[in-house]
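Engineer: With the sequence up front, the predicted model follows.
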Amino acid sequence: MAAPTSPDCLTALLGLSQGNSCYPLPTDPAAAALITGSGTGLYLDKAEGLRFGPGPSQTAAIDFYDRLKDARDLGAFKLRTDIEQGRTNSYGAPLYQQRGILGGQGNGQLAAPGTRALLPLATNARREGAWRVTKIQLFTDQAVTAAPLLLDGAQVGTIDTNAANGSAVLPNGGLLIPLDGAQHTIEVLLPIGVRVKLNKLHCPPCSVGNPWGTAVKATLPDVTAATAGNGFALSIVEECTAEPDLLCFAVGKDDGQTVYRYPGLVLQIGAALLYKAAQLFTDSLLVNQQLSRYTMLEPKALVALSDKYASEVAQRVAWLNSPDGLGQVQHPCFMGKPTNSYQPGKLWTG
């Protein structure tokens, strides 16, 4: 059974086993914990109808827990697919999706000698919101190479001024500026005698009335058409810093908390995963030539169990796709109420 190679947040909801006399747990506590850990108290080997243990004169299989894990991991992937195929509603519009440019080359005038290349950005507090600055340009009267670039006083990269396409060396794809209500500063340390060009931060095309202008107004309370840009031009993408995967967010916990955000929903998702994994496990046994090393159940009984588990999964997926299910999730990356405008194709990311 081929399972996805990357872990899924859903797998932590379902334990494999609390131990079986026929299939001893590993003696290493850490290895055993990977089998016995369960975020919901549900365990795959306890799915109703399953009976584990080798048949008469049979040796117990040594890969029992490996097969359970494969079924759970693949089950998480396939459960996501079932939910995606079954849902008809979107869960609100993305809240942070605008992008644009602040600043520009100006009209060629220069700032007074000694003016720092400093750009203060006073932000409004917006839940889980941030700006990712993907490109920085600085226009000066002389070209400068590898000038130190600072964010809130700490060096985060370097920049070559007057580069036509921007050449700031930024970490991890950009600078992340949280929308936390505080003032943040971008600064470039220029050699003595180098002057920045005068410009305006809020360019005319960004006037309020278009989506980018509206986003700037909601984000930067002090920025107007007259705000000085101090020679900077920034390319910016709005970003939501919360977990973008709606399923992972739904089964997560708030920072510093020990309880789930949606405990009832978590239990239903855990049960759906239990039945999906149990279905996959029974199906895998049906094609195994050494079936009796795992269970004394006959193939006909396993087929019936697989059908039962499939029915249980379908019922829970239908509920999860209802307003009472995943429709109750208030994700900070989205706004508005669920609509019926959803088109299948993209799985739960903002």
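Structural biologist: Cool, got the structure. Just so we're clear, the structure is a prediction, and the values are computed from it rather than from any experiment. Residues are numbered from 1 along each chain as shown.

Engineer: give me the element the residue of the chain most remote from its centre is part of.
Structural biologist: The C-alpha centroid of the chain is most remote from residue 57, which lies 49.5 Å away (Cα atoms, centre = their mean). Secondary structure assigned from DSSP states H and E places residue 57 in neither a helix nor a strand.

Engineer: Relative to residue 296, how far out is it?
Structural biologist: Separation of residue 57 from residue 296 (Cβ to Cβ, to the nearest Å): 12 Å. (Glycine included, C-beta is placed from N, CA and C.)

Engineer: Likewise for residue 36?
Structural biologist: In this structure, residue 36 lies at 24 Å from residue 296, with Cβ to Cβ as the measure.

Engineer: hey, where'd the helices end up in the stretch 151-300 of the chain?
Structural biologist: Counting by DSSP state H, counting those that start in this stretch, the stretch 151-300 of the chain has helices at residues 211-219, 246-250, 263-286, 299-320.

Engineer: quick check: angle from the longest one to helix 299-320?
Structural biologist: The one in question is helix 263-286. 150 degrees (axes from the mean of the first three to the mean of the last three Cα atoms, to 10 degrees).

Engineer: now swap in the first one and tell me
Structural biologist: Angular relation of helix 211-219 and helix 299-320 on a 0 to 180 degree scale: 80 degrees, by the same axes, to 10 degrees.

Engineer: Quick check on the residue farthest from the centre of the chain: phi, psi?
Structural biologist: As for residue 57, its main-chain torsions (degrees, to the nearest 10) stand at phi 60, psi 20.

Engineer: how about the residue nearest to residue 314 when sequence neighbours are not counted, what does it touch?
Structural biologist: Distances taken as Cβ to Cβ, 6 or more residues apart in numbering place residue 82 nearest to residue 314, at 7.9 Å, with adjacent residues excluded. Under the criterion of Cβ atoms under 8 Å, 6 or more residues apart in numbering, the neighbours of residue 82 are 276, 313-314, 317.

Engineer: could I get those as a markdown table with neighbour count?
Structural biologist: As requested, the contacts of residue 82 are arranged in a markdown table below (neighbours: other Cβ atoms under 10 Å):
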| residue | neighbour count |
| --- | --- |
| 276 | 29 |
| 313 | 23 |
| 314 | 14 |
| 317 | 24 |
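
Engineer: Looking at these, which is nearest residue 86?
Structural biologist: Lowest distance from residue 86 to the contacts of residue 82 (Cβ to Cβ) belongs to residue 317, with 5.0 Å.

Engineer: I'd like to know how far that closest one sits from residue 253.
Structural biologist: Counting by Cβ to Cβ, the separation of residue 317 from residue 253 is 24 Å.

Engineer: and the nearest residue to residue 18 once chain neighbours are set aside, what does it touch?
Structural biologist: Ranked by Cβ to Cβ, 6+ apart and with sequence neighbours excluded, the top spatial neighbour of residue 18 is residue 36, at 5.5 Å. Contacts of residue 36 were listed using Cβ under 8 Å, 6+ apart, and they are 15-19, 25.

Engineer: Would you list the buried entries among those residues?
Structural biologist: 15-17, 25 (16 or more other Cβ atoms under 10 Å).

Engineer: Could you list the buried residues of stretch 224-240?
Structural biologist: Of the residues in stretch 224-240, those scored as buried under the neighbour-count criterion (16+ other Cβ under 10 Å) are 227-240.

Engineer: what's the burial count for residue 96?
Structural biologist: 25 (other Cβ atoms under 10 Å).

Engineer: Check the spacing between it and residue 31 real quick.
Structural biologist: For residue 96, the distance to residue 31 (Cβ to Cβ) stands at 41 Å.

Engineer: tell me the domain ranges of this protein?
Structural biologist: The chain is divided into the following domains under automatic domain parsing: 9-92+245-335, 105-230.

Engineer: Check the offset of the last one from the chain's centre.
Structural biologist: Domain 105-230 has its average C-alpha position 28 Å from the chain's average C-alpha position, going by Cα atoms, centre = their mean, to the nearest Å.

Engineer: do the same with stretch 37-55
Structural biologist: Using Cα atoms, centre = their mean, the distance between the centre of stretch 37-55 and that of its chain works out at 30 Å.

Engineer: Quick one: end-to-end distance for it.
Structural biologist: Distance across stretch 37-55, first residue to last, is 28 Å (Cα to Cα, to the nearest Å).

Engineer: contacting residues around that stretch?
Structural biologist: The set of residues external to stretch 37-55 that reach it, using Cβ under 8 Å, 6+ apart, is 12-18, 20, 22-23, 60-61, 64, 68, 71-72, 251, 260, 266-267, 270-271, 274-275, 277-278, 281-282, 292-297, 301, 305, 308-309.

Engineer: In PyMOL, select just the buried ones from those.
Structural biologist: Buried residues within the contacts of stretch 37-55, as defined by 16+ other Cβ under 10 Å, are selected in PyMOL through the command that follows:
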select buried, resi 13+14+15+16+17+23+61+64+68+71+72+251+260+266+267+270+271+274+275+277+278+281+282+292+293+294+295+297+305+308+309
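
Engineer: Give me the below-cutoff pLDDT ranges for this protein.
Structural biologist: Along the chain, the model assigns pLDDT under 70 to residues 1-6, 88-92, 165-166, 203-208, 336-350.

Engineer: Cool, thanks, signing off.
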